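Novice: fold the following and give me the result.
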Amino acid sequence: VSVINPVAAQAAPIGLGLVAVSGDLLDLQVGLGQFSGPVDVYFAIFAPAISPGVLILTPTGFSTSVIAPWISGTTGDLFVVLLQDFPVSPLPAGMYTFYLLVTPAGSLSSYYLWQTSFTVS
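Specialist: Purely as a prediction, here's the structure:
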């Protein structure tokens with residue numbers, strides 16, 4: 001479950017659903033509170049069992065070669081469901097790690113970075 005928290009160090013903006021507690025369904029969600037100015041949001045997945053490289057979500061889909069914001073120039077209050085009730089049992093065994101990066105719009109000079117993962121046995 002995603003938790004929106006205005007204190008970045010206490011936030012848990014990537015939700016995994018039941019798979020986070022050893023369930024068999026993935027509900028992948030991103031939730032971000034309000035920011036004081038425009039930010040760019042990046043989302044990526046590292047799943048070596050599926051792809052040797054990091055998969056970066058862009059506005060047009062996933063890429064292994066383009067590093068671009070998924071969402072540009074937002075001030076927050078986002079809640080996006082990326083997957084719902086997705087069964088993980090058919091996935092190849094391995095670790096699946098999700099990254100969320102938020103930067104000032106148009107700049108990589110500072111950032112917040114969160115990560116979470118689950119393992120399929």
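Novice: CA atoms for contacts and neighbours, from now on please.
Specialist: Fine.
Novice: model confidence at the residue lying farthest from the centre of the chain, what's the number?
Specialist: Note on the chain: the largest separation between a C-alpha and the mean C-alpha position, by Cα atoms, centre = their mean, falls on residue 121 (21.6 Å). We note a pLDDT of 90 for residue 121 in this prediction.
Novice: which residue, other than its chain neighbours, is closest to it?
Specialist: Nearest residue to residue 121 in three dimensions, chain neighbours excluded: residue 93, at 5.0 Å (Cα to Cα, 6 or more residues apart in numbering).
Novice: enumerate every residue touching the one you found.
Specialist: In this structure, residue 93 makes contact with 49, 119-121, judged by Cα atoms under 8 Å, 6 or more residues apart in numbering.
Novice: filter those down to the buried ones.
Specialist: When these are checked for burial by 16 or more other Cα atoms under 10 Å, the buried set is residue 120.
Novice: and the contacts of residue 93, which is closest to residue 32?
Specialist: residue 119 (24.5 Å; Cα to Cα).
Novice: can you pull up the bridge partners for that closest one?
Specialist: Beta-bridge pairing for residue 119 (DSSP bridges): residue 95.
Novice: which elements pack onto the biggest strand by length in the chain?
Specialist: In the chain, ranked by residue count with DSSP state E as the criterion, the top strand is strand 29-46. Using 3 or more Cα pairs under 8 Å, 6 or more residues apart in numbering; DSSP states H and E as the contact criterion, the secondary-structure elements in contact with strand 29-46 are strand 14-15, strand 55-58, strand 71-81, strand 94-104.
Novice: and stretch 46-57, how far from the chain's centre?
Specialist: Stretch 46-57 has its average C-alpha position 13 Å from the chain's average C-alpha position, going by Cα atoms, centre = their mean, to the nearest Å.
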